[in-house]
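Asks: I would like the atomic coordinates for the input below:
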Amino acid sequence: MRQVPVYLSLGTNLGDRRARIDEALRRLDAAIGRPYEALSSIIETPAWGFEGPDFLNCVVRYRTGRQPQTLLRICKRIERAMGRRDAPEYGADGRRIYHDRPIDIDILLYGDERIDTPELQVPHPLMGQRDFILRPLGEIFEQK
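Replies: Residues are numbered from 1 along each chain as shown. Next comes the predicted model:
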C-alpha cells in the first residue's frame with residue numbers, strides 16, 4: 001500500500017488545551033495505526049474569525065496509506081468523541097461562522113494530491129491566510 005505524508009492541524013480553545021492536544025494525538029496514532037512522524041511546536045494564538053479564548057495550535061505529520069475520505073472520517077470521529085458538536089454554520093453572506101471548540105482537526109495536505117469535494121478540499125483552502133497553520137507547518141518542513 002502506498003504511504004503518503006499527511007499534514008494535519010490541531011487546535012483547541014476550551015478546557016485543558018494541552019491535554020486535549022495530547023489526547024487528540026493519542027487517538028490519531030491509534031486510528032491511523034502508527035505514531036506521528038513529526039510534530040511542530042504548540043503555539044498559542046488568538047481566536048480566528050470570532051471573539052473567544054486563545055487557541056493552542058500545532059501541525060502534525062503522519063505517513064499513511066489510508067484514503068483521504070477515510071482520514072477525514074477518522075478526524076471527524078475523534079472530534080465528536082472529544083466533545084465537538086457544532087456542524088459548520090454559515091451567515092447570510094455565505095461566510096463561515098466560527099465558534100469555540102474542544103478540538104479541531106483539519107487535513108492540510110495529503111501528499112501532493114489536490115482534492116475538491118463538498119466534504120474535503122486539499123490543500124486546505126484557508127491555510128495561506130492562517131499564521132497559526134503556516135508557522136507550525138513551516139517548522140515541520142524545516143525538520144525534513
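
Asks: make it CA atoms for all contacts and neighbour counts henceforth
Replies: Fine.

Asks: Report back the residue of the protein that's furthest from centre.
Replies: residue 92 (26.2 Å; CA atoms, centre = their mean).

Asks: Which secondary structure state does that one sit in?
Replies: Using DSSP: H, G, I helix; E, B strand; the rest coil, the structure places residue 92 in coil.

Asks: What separation is there between it and residue 47?
Replies: 22 Å (CA to CA, to the nearest Å).

Asks: ok, now residue 4?
Replies: Residue 4 is 31 Å from residue 47, where distance means CA to CA.

Asks: Report the distance from the helix or strand harbouring residue 71 to the chain centre.
Replies: Per DSSP states H and E: residue 71 is located in helix 68-81. How far helix 68-81 lies from its chain's middle: 10 Å, per CA atoms, centre = their mean, to the nearest Å.

Asks: now stretch 54-61
Replies: Distance, stretch centre to chain centre, for stretch 54-61: 8 Å (CA atoms, centre = their mean).

Asks: Just give me the longest helix of the chain.
Replies: helix 17-32 (DSSP state H).

Asks: Which residues does that one contact?
Replies: Helix 17-32 is contacted from outside by 10-12, 35-36, 55-56, 64, 66, 71, 74-75, 78, 82, 102-103, using CA atoms under 8 Å, 6 or more residues apart in numbering.
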